[in-house]
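**Student:** below is the sequence, then the predicted model.
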Amino acid sequence: MRLSINQIFNIKSIKLYIMKNATLIGLQETDCKNISEKLNVLLANYSVFYQNTRGSHWNIKGDQFFTLHPKFEELYNSLVLKIDEIAERILTLGATPAHNYSDYLQVSTIKESKEVSDGNKSVEIILESFKVVIDLQRELLNITDEAGDEGTNSQMSDYITEQEKEVWMYNSYLGK
Ligand SMILES: [Fe+2]
């Protein structure tokens, strides 16, 4: 049976902090709770995406090496910045960001990649991963819009705009 996000991250004890922070920033406690849970799922996906991209950076082989090795480094540096921003947004909403890979893997739609050395295969995995995070961010756009959570909303909006362009470029690289 799949565990709920509450069971996995054991976040019952932070209820009081959510109430306090929600009041301080003028949002509803239930909205802060729902949004931070979804952000924790997003954080889990980003963390697996990040580590997969490091693996592609290290293990890429062949004539695309000098193009993709630095490109993947640029991508994982961008992902790690977002990981920190998402975690700090969760804290701002009064919740606790998960930080264990064992927890991440239980809720992440993006799965760990293993020993990927082929450039095109790596780019395909990256495109699939962008699809997952963009879809989650779009869900968060709707929820945060209804909750009046402009802070999370604009953060998600910025990520989507940037990543849609990345998708165009990676897809063009594949000649599609
Ligand atoms: Fe490196």
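**Tutor:** Sure, I can see it. Residues are numbered from 1 along each chain as shown.
**Student:** got a list of what the spatially most central residue of the chain touches?
**Tutor:** The residue lying closest to the centre of the chain (C-alpha atoms, centre = their mean) is residue 46, at 3.2 Å. Shown in contact with residue 46 (C-beta atoms under 8 Å, 6 or more residues apart in numbering): 79, 82-83, 86, 133. Yep, even glycine has a C-beta here, placed from its N, CA and C like the rest.
**Student:** and it, which helix or strand is it part of?
**Tutor:** If you go by DSSP states H and E, residue 46 is part of helix 29-59.
**Student:** and the helices in the protein?
**Tutor:** 5-9, 15-25, 29-59, 65-92, 101-107, 119-147, 150-173 (DSSP state H).
**Student:** residue 113 is nearest to which of the ones you listed?
**Tutor:** Closest to residue 113 of the helices of the chain, according to C-beta to C-beta: helix 29-59, at 4.4 Å.
**Student:** angle of that closest one against helix 150-173?
**Tutor:** Put simply, helix 29-59 runs at 30 degrees to helix 150-173, going by axes from the mean of the first three to the mean of the last three C-alpha atoms, to 10 degrees.
**Student:** show me what counts as buried in helix 29-59.
**Tutor:** By neighbour count on 16 or more other C-beta atoms under 10 Å, the buried set for helix 29-59 is 29, 31-53, 55-57, 59.
**Student:** next one: stretch 156-164
**Tutor:** 156-157, 159-160, 163.
**Student:** nearest to residue 129, of the residues you listed?
**Tutor:** residue 163 (9.9 Å).
**Student:** count of neighbours near the spatially closest residue to residue 148 that is not a sequence neighbour?
**Tutor:** Nearest residue to residue 148 in three dimensions, chain neighbours excluded: residue 27, at 6.8 Å (C-beta to C-beta, 6 or more residues apart in numbering). Using other C-beta atoms under 10 Å, residue 27 has 22 other residues around it.
**Student:** so where is this structure shaky, pLDDT-wise?
**Tutor:** Residue ranges of the chain with pLDDT under 70: 1-19.
**Student:** name the residue most distant from the centre of it?
**Tutor:** In the chain, the residue that sits farthest from the middle, by C-alpha atoms, centre = their mean, is residue 63; the gap is 30.3 Å.
**Student:** so how far is residue 57 from that residue?
**Tutor:** 17 Å (C-beta to C-beta, to the nearest Å).
**Student:** and for residue 174?
**Tutor:** 18 Å.
**Student:** all set, thanks.
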